[in-house]
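# Compute the structure for the input listed below.
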Amino acid sequence: MADHLRKYEALFTLTPQRMRMIVEAFKEALELGLEKPSQVVPMIPTFVFGWPTGKETGDYIAVDLGGTNLRVCLVTLQGDGKFEITQSKYRLTEEQKQDDGQKLFDFCAECLRTFIDTNSSEPDGVLTPGEILPLGFTFSYPCTQERIDHGVLIRWTKGFGSPNTEGRDVAAMFNESIEKYQLPVKLTALINDTTGTLIASHYVNPRTKIACIFGTGCNAAYMEHVRDSDKIKSMGITDDVDMAINCEWGAFDSFVHEHLPRTKYDIIVDESSNKPAEQSFEKLISGRYLGEILRLVICELVDEGVLFLGQNTYKIEKPYVIDTAFLSLMESDPTDELLMIIGIFNHFFALETTLAERQFFRALAKLIGRRAARLSACGIAAIVSKMGYLDEGCSVGADGSLYNKYPGFADRIHEGLQDIFGEKGRNIVTHHAEDGSGVGSAIIAAMTKIRKEAVSSTQHTRAGLFRRLPISA
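Take a look at the predicted model:
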């Protein structure tokens, strides 16, 4: 097994030099996305202007359509970085992810109705009859936006494939469902979960400049100077403001495949996915795919007569039966005999393992997980380099199952940043992010409400002054 392991070490190990090359290519892709529309890394303007003040208060509804669950939250912002949250989760079936798009939004509205009815019936419930609450809709899929309460879906990711949705305004589709169910809410802001994570993390920790999601999918957001983006300036937005950018960086190196270190296993994952050639960066680092990469290596060794000799391996030959959570358990197994790994293969796949095989599986999981973390560091480093954050340092709010649950993932990101930047890499620190899809969505709804009220007030004042001006002859 040691000889085989050396082969995979060569395939999955990223040297510091290779990482720096990836960072430079990544930085160029970010800059290109800010210059022109319809680029591989789209760098989507979010119409979230500037940072929260920390003084935002009030009650807001947040609906989060994620990769696994639909979550509905009631968020009470208390100011000074404080908040309270009440929430419910509703499981999404694989059928719903592929069903007609309008039916998907009807399901969202049904869950929202259930949540509102439940909280309105509580004796101390915040929701009162007749009240219309602002709603922040977290829709974590790439959309083009012309304003904050609008978003045209570019493409589904995370295994979704609902027809009649790509190329349409998902905010309008959700509004149609809201009206159908006569819900007491007003969709105020359509946001990406990563943008929400950025704003929520800054609300609590003002040193936060970047936010990342490392979960079923992967993405990043940061605050950009409008003056540095030709694409945003062309929208008629004044260049003296900052706007949050939803990078959608999971698409980096898609179609061309020039920069990322793809192995033959990554290529199989890509070609057998529902979106071949797309989301290339995501397919190397996100939780949806790491288990499948490991499974493909195992199946290759089974075919070569190296593993599970004389056993029936049909259960492990089904795509995606190895969850990324299994890799976490393999890496964290504290026993000399690796009893957790015995349990995984015995319980799920009816396979007996030798100690040498179990040691190999753990080492292989570590190689795949470490590569994912080091590639994640490349993405962070590209934004840090572009924005000039290295010397002063900054915090990176990070969320998602990989970051939160995979053993050593955060440490490997920090190690990767130091391999890229040297000692100065220590200036960039990741931390567990605040709840972007719930709290962040509510804060953005609050910021949007305040901004619109300020604009409306200014227009009203100007209209009043205009009425009082004398008419010249």
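# can you give me the strands for the chain?
44-49, 57-65, 69-79, 82-91, 133-139, 143-144, 152-153, 185-191, 208-214, 218-225, 242-246, 394-399, 428-432 (DSSP state E).
# deepest of the ones you listed, which one?
Most buried of the strands of the chain by mean neighbour count (mean count of other Cβ atoms under 10 Å) is strand 208-214; its value is a mean of 27. C-beta: built from backbone N, CA, C; applies to glycine.
# Compare the strands of the chain and say which comes out lowest on pLDDT.
Mean pLDDT is lowest for strand 143-144 out of those, coming in at a mean of 86.
# what's that one in contact with?
With contact meaning Cβ atoms under 8 Å, 6 or more residues apart in numbering, strand 143-144 is reached by 37, 42, 44, 151-154, 170, 190, 192.
# Buried residues in stretch 413-428, which are they?
By 16 or more other Cβ atoms under 10 Å, the buried positions in stretch 413-428 come out as 413-421, 425, 427-428.
# Kindly reformat these as JSON lines containing distance to residue 397.
Listed next are the buried residues of stretch 413-428 as JSON lines, based on distance: Cβ to Cβ, whole Å:
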{"residue": "413", "distance to residue 397": "13"}
{"residue": "414", "distance to residue 397": "15"}
{"residue": "415", "distance to residue 397": "19"}
{"residue": "416", "distance to residue 397": "18"}
{"residue": "417", "distance to residue 397": "15"}
{"residue": "418", "distance to residue 397": "20"}
{"residue": "419", "distance to residue 397": "22"}
{"residue": "420", "distance to residue 397": "20"}
{"residue": "421", "distance to residue 397": "19"}
{"residue": "425", "distance to residue 397": "18"}
{"residue": "427", "distance to residue 397": "16"}
{"residue": "428", "distance to residue 397": "12"}
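# Which single one of the residues you listed is nearest to residue 72?
Set against residue 72, the nearest of those by Cβ to Cβ is residue 413 (31.3 Å).
# Wait, the closest one touches residue 377, no?
Yes - Residue 413 is within contact range of residue 377, at 4.8 Å (criterion: Cβ atoms under 8 Å).
# what's the single longest helix in this protein?
Secondary structure of the chain per DSSP state H: the longest helix is helix 355-387.
# That one versus strand 208-214: what angle between them?
With axes from the mean of the first three to the mean of the last three Cα atoms, to 10 degrees defining the directions, helix 355-387 sits at 150 degrees from strand 208-214.
# And helix 355-387, what's buried?
By 16+ other Cβ under 10 Å, the buried positions in helix 355-387 come out as 357-387.
# swap in stretch 96-111?
Neighbour counts over stretch 96-111 (16+ other Cβ under 10 Å) mark 97, 99, 101-102, 104-111 as buried.
# and what of stretch 6-16?
In terms of neighbour count (16+ other Cβ under 10 Å), stretch 6-16 has its buried residues at 8, 11-12, 14.
# got a list of what the closest residue to residue 192 other than its chain neighbours touches?
Spatial nearest neighbour of residue 192, excluding adjacent residues (Cβ to Cβ, 6 or more residues apart in numbering): residue 246 at 4.5 Å. Residues in contact with residue 246 (Cβ under 8 Å, 6+ apart) are 43-44, 46, 142, 192, 194-195, 219, 221.
# and the gap between residue 246 and residue 49?
For residue 246, the distance to residue 49 equals 14 Å [Cβ to Cβ, to the nearest Å].
# same thing with residue 431?
25 Å.
# for residue 332, same thing?
Taken as Cβ to Cβ, the span from residue 332 to residue 49 is 42 Å.
# Skip the chain neighbours and tell me the closest residue to residue 328.
Residue 328 sits nearest to residue 406 (Cβ to Cβ, 6+ apart), 5.1 Å away.
# Contact partners for that neighbour?
Contacts of residue 406 by Cβ under 8 Å, 6+ apart are 287, 324, 327-328, 331, 369.
# Dig out what the residue nearest to residue 192 forms beta bridges with.
residue 44, residue 221 (DSSP bridges).
# What's the local residue count around residue 93?
Here the count is done by other Cβ atoms under 10 Å, and residue 93 has 9 residues near it.
# Contact partners for it?
By Cβ under 8 Å, 6+ apart, the contact list for residue 93 is empty.
# about what we covered before: may I see the strands of the chain arranged in JSON lines, with distance to residue 303 as well?
Compiled in JSON lines, the strands of the chain are given as follows (distance: least, Cβ to Cβ, whole Å):
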{"stretch": "strand 44-49", "distance to residue 303": "42"}
{"stretch": "strand 57-65", "distance to residue 303": "39"}
{"stretch": "strand 69-79", "distance to residue 303": "37"}
{"stretch": "strand 82-91", "distance to residue 303": "36"}
{"stretch": "strand 133-139", "distance to residue 303": "41"}
{"stretch": "strand 143-144", "distance to residue 303": "42"}
{"stretch": "strand 152-153", "distance to residue 303": "40"}
{"stretch": "strand 185-191", "distance to residue 303": "46"}
{"stretch": "strand 208-214", "distance to residue 303": "32"}
{"stretch": "strand 218-225", "distance to residue 303": "30"}
{"stretch": "strand 242-246", "distance to residue 303": "42"}
{"stretch": "strand 394-399", "distance to residue 303": "38"}
{"stretch": "strand 428-432", "distance to residue 303": "39"}
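# Let me know which of those is the nearest to residue 293.
Minimum separation from residue 293 across these (Cβ to Cβ) falls at strand 218-225, 14.5 Å.
# same for the closest one, what does it pack against?
If contacts are counted by 3 or more Cβ pairs under 8 Å, 6 or more residues apart in numbering; DSSP states H and E, strand 218-225 sits against helix 193-204, strand 208-214, strand 242-246, helix 280-285, helix 355-387.
# quick one, it and strand 185-191 angle?
90 degrees.
# quick one: low-confidence ranges for the stretch 201-350 of the chain?
The stretch 201-350 of the chain contains no residues with pLDDT under 70.
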